[in-house]
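Peer 1: just coords:
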């Protein structure tokens, strides 16, 4: 069976984890800082904070940005629910900005129009780099300066991606950037995430929220420390600490990140060539300022030209040994968000995308022969 995504683990990765298992530290040890420094240097950011998941990373990013009750967070409807849920965890309201019908990222035109009309402006905007392609971050940054909101890039799909000759994660156009290291992502730690920032104050808050709100730094304490054993809880934080085993795996994976991304770009280009003349298929569009890391390869089907339903396409492809997927169901149509007042028709571009889109397999170890089989099978199913 060919799945839509899978991790790529080699002997170096295994050896790195085994080395930690034989060491003095399984958690809160030197592997964490080593991994954080590696990712920060790769992306060109000053600080990095490793955590248990990208969801945890989004949560503490929102808290560090000051998001709370009576505030509002805006994000894209086409994302995993965590991009919106992080606002709800902080007690804030959530709203959405419809997608650009070409790139499937947050529409700048819709964002600007919504900002102009909104009586209550967002405290935080979370642009989502869908499939590994950066949003138009320079334009979002300019709007953040005009309207006074914090920008948290949800780059869960986009480690290794480029935007305007900079690496996604450098935080040139944002306050913080979040990465995911889930197994189907480009780089994996099993489960895990990270926040990058160039702001020291935000960094100190992120570190605090990651570990129960506890500090051993005398500069952050109230009063004088009782001794070298002393710590203080100065805020309400969480246990979002990554283990050293995960960090060691992540550091080992980061040594291959350019190789991983290069292969994905090769496969995406090859899909473009193989699928370009297939009736009813719309290929993913790329903004000229971006170089996607291609976490996902999403196509859309014009069902007015195809005699099959989406369910039939999924089922018949699975019969041929190929598991498709769909990224994503619009968040505002989930029952939890419908109970908050959202409804079908609120964000038409996102809803039309959902009706037409599906994700083809794409991962580092996918071979040309497997890709040929995927395309041949898709053509047979569609025709």
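Peer 2: Thanks, I have the structure now. Computed from a predicted structure; not experimentally measured.
Peer 1: tell me which residues in the longest helix along the chain are buried?
Peer 2: Assignment by DSSP state H gives helix 257-275 as the longest helix of the chain. Neighbour-count burial for helix 257-275, counted by 16 or more other C-beta atoms under 10 Å, picks out 257, 260, 261, 263, 264, 265, 267, 268, 270, 271, 274, 275. The C-beta positions use only the backbone N, C-alpha and C, and glycine is treated the same way.
Peer 1: Name the nearest residue to the fifth one, sequence neighbours excluded.
Peer 2: Going back to what we said before, that points to residue 264. Once flanking residues are discounted, residue 264 sits nearest to residue 294: 3.9 Å by C-beta to C-beta, 6 or more residues apart in numbering.
Peer 1: cool, and the last one?
Peer 2: Distances taken as C-beta to C-beta, 6+ apart put residue 281 closest to residue 275, at 5.5 Å, once the chain neighbours are dropped.
Peer 1: May I have the beta-bridge partners of the one you found?
Peer 2: Beta bridges link residue 281 to residue 301, judged by DSSP bridges.
Peer 1: burial measure for it, as a count.
Peer 2: 17 (other C-beta atoms under 10 Å).
Peer 1: Then the one 3 residues further on?
Peer 2: Neighbouring residues of residue 284 were enumerated by other C-beta under 10 Å; the total is 22.
Peer 1: that older thread, which of the buried residues of helix 257-275 sits closest to residue 204?
Peer 2: Taking C-beta to C-beta as the measure, residue 204 sits nearest to residue 257 out of those, at 27.3 Å.
Peer 1: Surely residue 264 and residue 361 touch.
Peer 2: No: counting by C-beta atoms under 8 Å, residue 264 sits too far from residue 361 to count as a contact (11.5 Å).
Peer 1: Contacts made by whichever helix or strand residue 143 is part of with the rest, please.
Peer 2: Per DSSP states H and E: residue 143 is located in helix 137-147. For helix 137-147, contacts defined as C-beta atoms under 8 Å, 6 or more residues apart in numbering pick out 106, 108, 111-112, 115, 121-122, 125, 127, 149-151, 153, 163-164, 172-174, 289.
Peer 1: Would you indicate which residues of that helix are buried?
Peer 2: For helix 137-147, using 16+ other C-beta under 10 Å, the buried residues are 137, 140, 141, 143, 144.
Peer 1: before we move on, what about stretch 70-83?
Peer 2: 71, 72, 73, 74, 75, 76, 77, 78, 79, 80, 82, 83.
Peer 1: and those, which of them are in helices?
Peer 2: Of these, the ones assigned to helices by DSSP H are 82, 83.
Peer 1: Sort out for me which of the buried residues of stretch 70-83 are in strands.
Peer 2: In this view, the buried residues of stretch 70-83 that belong to strands under DSSP state E are 72, 73, 74, 75.
Peer 1: out of the residues you listed, which one sits closest to residue 3?
Peer 2: residue 75 (27.4 Å).
Peer 1: Check the contact between the closest one and residue 128; I expect there is one.
Peer 2: Yes: counting by C-beta under 8 Å, residue 75 touches residue 128, with 6.4 Å between them.
Peer 1: what residues are shared contacts of the two?
Peer 2: Applying C-beta under 8 Å, 6+ apart, one finds that residue 75 and residue 128 are jointly contacted by 83, 106, 154.
Peer 1: if I pick the closest residue to the last one other than its chain neighbours, what's in contact with it?
Peer 2: Nearest residue to residue 154, sequence neighbours excluded (C-beta to C-beta, 6+ apart): residue 128, at 4.4 Å. Residue 128 makes contact with 75, 76, 78, 79, 83, 105, 106, 135, 154, 156, according to C-beta under 8 Å, 6+ apart.
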